[in-house]
Every structure is written in structure tokens, then in C-alpha cells.
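Trainee: for reference, the sequence and a predicted model appear below.
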Amino acid sequence: MRQKILLATTVNWPSAARLAGAFSLLGAGVEAVFPRGHVLRRSRYLERAHRYRPLQPLSSMAHAIAAAAPDLVVPCDDRALSLLLALKQFEPLLTRSLGPLASHAVLAARAPSIAAAREEGIAAPLTLAVPGLDALPGALAEAGLPCVMKVDGSWGGMGVKFVHTQTEAEAAFRLLQGPTSRWRSLARAVLRRDAHFIGEALAPRQALVNVQALVPGSPATSVFACRDGAVLASLHMDVVDWAGNTGPAARMRRAADPQMEEAARKIAARFRLGGFIGLDFMRDGGGTPHLIEVNPRATQICHLVLEDDLPAALLGVPPRPAATGLQEIALFPQLLAQPRSASVYEDMPWDDPDVLRAYTGETTDLLPELTGAGGLAPVLGQKVYGPRPR
């Protein structure tokens, strides 16, 4: 029987469209709930769209689930995950898709999730919740300076500050804890065309700030598919290039790392997780990866087939052929701003032309034409961002 997947997203990230293609090519029916203007609307693989309304978040998510009646629901960003977990009427589906809801209550908070990892023997920096400014000096004394300050419920590099002194930490705490002024939220709603900020203006909230000991080194990441606490497939990568201090990765290199694999298996088993899970690490000067964050939702490389095929593992079907044998991967759409290299695989959505056009535009440099089941055959010009499909 054909399986049906519901992708849930509230943020206009192209990774959701890439997942739609992966699941569809594996034989699943793909529906999605997303806000107006999302690139998912352009995907040739989407069978049915459901409107997500930022000012009616829970009811629009609930309506999508009821209408789609999926076998599995896949959250593609942290806000979507938090909304899904609030829909207790769908607990059997959510438990089948994500694992026990009580586990996600722990994973949603940075300090408890890292504390659980440390209990499992996973290398991870001390992470402390700071409920108020008066508790900050004690947390800084334990974690040490410099350190990283993060809020619960943030993603994509937002809500993170690196601080070197107590004065910087106090200023960062006030900024991160909030609440953001109503006028600033309204301005963000207009400038970013995101109605979620209207909700913040109507109901300002304080965030929980955490202090995390700093691990000097370079970032690394893992993503895995799991069911009932067992890892089915995994990918481990070192981050070679990324946007800003805390932004998304632009280029990654494969990492055959038994410590990262062991961390994935321990986290999955500890919380009896299901679905896609991402782990962020910092690799120290000695090469040891330290777990700094757990992301219990799809990440930007979940669609990619390298050693393992995560969507195939989740569906329980045979894997697709590996996308490349190269060690380094440039990620879409960040790769559009990167210099090209023959030694780097450029992960372009050649098979989904309107998703590609959403980021490259209609130009004489890139004139794709459909070739049926073969996908796209780009007409090569002066500037082409990826290899021609075979």
C-alpha cells in the first residue's frame, strides 16, 4: 500500500521541497502544510497543499493533518514541531512519527537535552538554564568565559550570542530574554513578510536563556532516521563553510566518525525517537565531537543520498543510488554564492525546475527543459551551478 507523508513547515526553507522530491521518488504520496509564498508550492512532487496560517497556527496544522490523514508527519522546522506536539488529539500519529511526546518536551529545552546526553556518556559542554539575570553570574562561573548564550525555541542561528565578559553576557541576556518591543515585532512582520511577528506583537513573551560552555573548534553535524529508538540510517558531516558565526552550512565534508554514530544511537535509544533527528557538534582540536544541540526534525541534508538513504530507511523501501562519490557537498541554495570546484558535488534540484528557478531566476545562463522521467537537461551557458543530470 502506498504510504502518505505530510510535510509540515512554517519557514520558507528549500529543504522541505527537497524532501518532497525524495519521498515522491521513493513511491510515497507527498502532501504538505506551509505558509503563503513557500517554495514548496513550486515543487512538481507535491500532490496536495494545505495552507498554514501564522495567525491561526494550531487550527491550520490540525486541519491539514485531518485532511491529509497521513501515515507519517515530518516537521521541517522547530516551530512546526512545537505546533505538532501541541495537537494532543493526534497523539497516536505523532508518537508513530516522532516518538513519545514526553521525550520531545525534554528535547525542546536546551539544558535538559544536553544534560541527558552527558548522562549517556556523550561528550557535550555544560549547558545551564538561566531563569533570571540574578542567576547569570553563577551560571557564568560554572560554564566559564568566553561562552555561548542561547534561547530555547530558536533555530537557524537566531537567538545565539557569543560573549567574552560578564558585561557582554548581561547585555546579551537582556536582548535574548526579551520580550521584543511591539513596534519592533510589527516592523519585522512588514520587512520579513512574516505574520508570525504580528503574533509576537500581540502577545510578547520572554524566552528562557541558557549558558553553554564554549568548545573551540569547528562545527560538525549528524542526521539520522530512526524508529522506536533504533537508528535506521545516518549521515555524519564536518562543516567546511557556513554563513556567519551561527548561520546554515554551505559546504560539508563526509565524516566517518564512530563517536558521532554512537551519539546518534544513544540519543535515539534514550528518548525512543522516530523520524528525522539532527545533532550539531563542535569538533575540538583533538578531533573529538562535542554535542551542542539536538534538533528533533528534518534538517537540510535529509534528502541527500550518500552512504545511506534516510527517507528510504524511514519508509522501509530499497535505497536510491548514491548521489555522488565525492567527499565534499555544496548545499543548495547557499552554493549559489560559492566558488565552483570540480572536487565538490553541488546538490542542485535539477529534477524540480520551478524550485530551481525560484532561486536562480529565469536567465539566459540557465535554460532548463523538461525531459520526462529523465528530469532536466540544462542548456549550458556561462554560469551553471551544478552537474548535468545523467
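Mentor: Received, thanks.
Trainee: now the spatially most central residue of the chain, what's its secondary structure?
Mentor: Nearest residue to the geometric centre of the chain (C-alpha atoms, centre = their mean): residue 299, 3.1 Å. Following DSSP: H, G, I helix; E, B strand; the rest coil, residue 299 is assigned to coil.
Trainee: now do residue 13
Mentor: coil.
Trainee: for it, give me its contacts.
Mentor: Residues near residue 13 by C-beta atoms under 8 Å, 6 or more residues apart in numbering: 76-77, 300. Any C-beta I mention is one placed from the backbone N, CA and C, and that applies to glycine too.
Trainee: which parts of the stretch 151-300 of the chain are strands?
Mentor: Ranges of strands in the stretch 151-300 of the chain, per DSSP state E, counting those that start in this stretch, are 160-163, 209-213, 218-227, 230-242, 249-254, 275-283, 289-295.
Trainee: residue 48 is nearest to which of those?
Mentor: Across these, residue 48 has its closest neighbour in strand 275-283 (20.6 Å, C-beta to C-beta).
Trainee: partner strands of that closest one, with direction?
Mentor: Strand 275-283 sits in its sheet next to strand 218-227 (antiparallel), strand 289-295 (antiparallel), going by DSSP bridges.
Trainee: which element follows the shortest one toward the C-terminus?
Mentor: Pointing back at strand 289-295 there. The C-terminal neighbour of strand 289-295 among helices and strands, as given by DSSP states H and E, is helix 310-315.
Trainee: kindly export that following helix (C-alpha atoms) in CSV.
Mentor: Extracted as CSV, the C-alpha positions of helix 310-315 are listed here (Å, rounded to 0.1, in the frame of the first residue of the first chain):
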residue,chain,number,x,y,z
LEU,A,310,17.4,8.4,5.1
PRO,A,311,13.9,8.8,3.5
ALA,A,312,14.1,5.2,2.1
ALA,A,313,15.0,3.9,5.6
LEU,A,314,12.1,5.8,7.1
LEU,A,315,9.7,4.3,4.5
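Trainee: what's that helix packed up against?
Mentor: On a contact count with 3 or more C-beta pairs under 8 Å, 6 or more residues apart in numbering; DSSP states H and E, helix 310-315 meets helix 15-25, strand 218-227, strand 230-242, strand 275-283.
Trainee: reformat these as JSON lines; add distance to residue 1, mean neighbour count and mean pLDDT.
Mentor: Shown next, in JSON lines, are those (distance: least, C-beta to C-beta, whole Å; neighbours: other C-beta atoms under 10 Å; pLDDT from 0 to 100):
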{"stretch": "helix 15-25", "distance to residue 1": "15", "mean neighbour count": "24", "mean pLDDT": "97"}
{"stretch": "strand 218-227", "distance to residue 1": "18", "mean neighbour count": "23", "mean pLDDT": "97"}
{"stretch": "strand 230-242", "distance to residue 1": "20", "mean neighbour count": "20", "mean pLDDT": "95"}
{"stretch": "strand 275-283", "distance to residue 1": "20", "mean neighbour count": "24", "mean pLDDT": "97"}
